[in-house]
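Engineer: Attaching a predicted model along with its sequence, questions to come.
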Amino acid sequence: AMGVKLYYTTVTASREIKSQQAEVMRILESKSIQFELIDISVGNEVREEMRSKAGNATAVPPQIFNGDQYCGDYQLFSEAVEADTVEKFLKLE
């Protein structure tokens with residue numbers, strides 16, 4: 001299934017993660033980009049799936065995919081926002 005997927009968590013003590021997740025959602029919504037939220041706090045297997053798809057054993061949310069294709073993390077996303085290449089980053093064009 002293609003489509004933008006945002007791996008995030010509803011359970012975190014990290015303010016940074018919370019604010020990064022919220023920022024990604026806000027920007028996607030502002031661009032009217034449909035996305036699916038996947039909450040890694042529901043179980044270890046979901047977190048492991050995110051990490052294995054991202055090719056990074058220590059990846060933390062937010063992590064962004066299009067279907068099973070890895071787009072990037074918050075750092076890469078924010079660089080795409082700066083460069084106005086979000087659609088390209090999300091593999092939508």
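Structural biologist: Structure's in. What do you need?
Engineer: make it CA atoms for all contacts and neighbour counts henceforth
Structural biologist: OK.
Engineer: count of neighbours near Lys88?
Structural biologist: 11 (other CA atoms under 10 Å).
Engineer: One more: Gln69?
Structural biologist: Residues near Gln69, counting by other CA under 10 Å, number 16.
Engineer: Now do it, the pLDDT please.
Structural biologist: With respect to pLDDT, Gln69 scores 95.
Engineer: surely Asp73 meets Asn56?
Structural biologist: No. Here Asp73 lies out of contact with Asn56, judged by CA atoms under 8 Å, at a distance of 10.7 Å.
Engineer: Distance from the helix ranked longest in the chain to the middle of the chain?
Structural biologist: The residue-count maximum for a helix in the chain (DSSP state H) belongs to helix 15-30. Relative to the centre of its chain, helix 15-30 is centred 9 Å away, using CA atoms, centre = their mean, to the nearest Å.
Engineer: wait, what's in contact with Tyr8?
Structural biologist: Counting by CA atoms under 8 Å, 6 or more residues apart in numbering, Tyr8 makes contact with Gln21, Leu37, Ile38, Asp39, Ile40, Pro61, Pro62, Gln63.
Engineer: Show me these that map onto helices.
Structural biologist: Gln21.
Engineer: Now, of the contacts of Tyr8, which are buried?
Structural biologist: Buried subset of the contacts of Tyr8 (neighbour count, 16 or more other CA atoms under 10 Å): Gln21, Ile38, Asp39, Ile40, Pro61, Pro62, Gln63.
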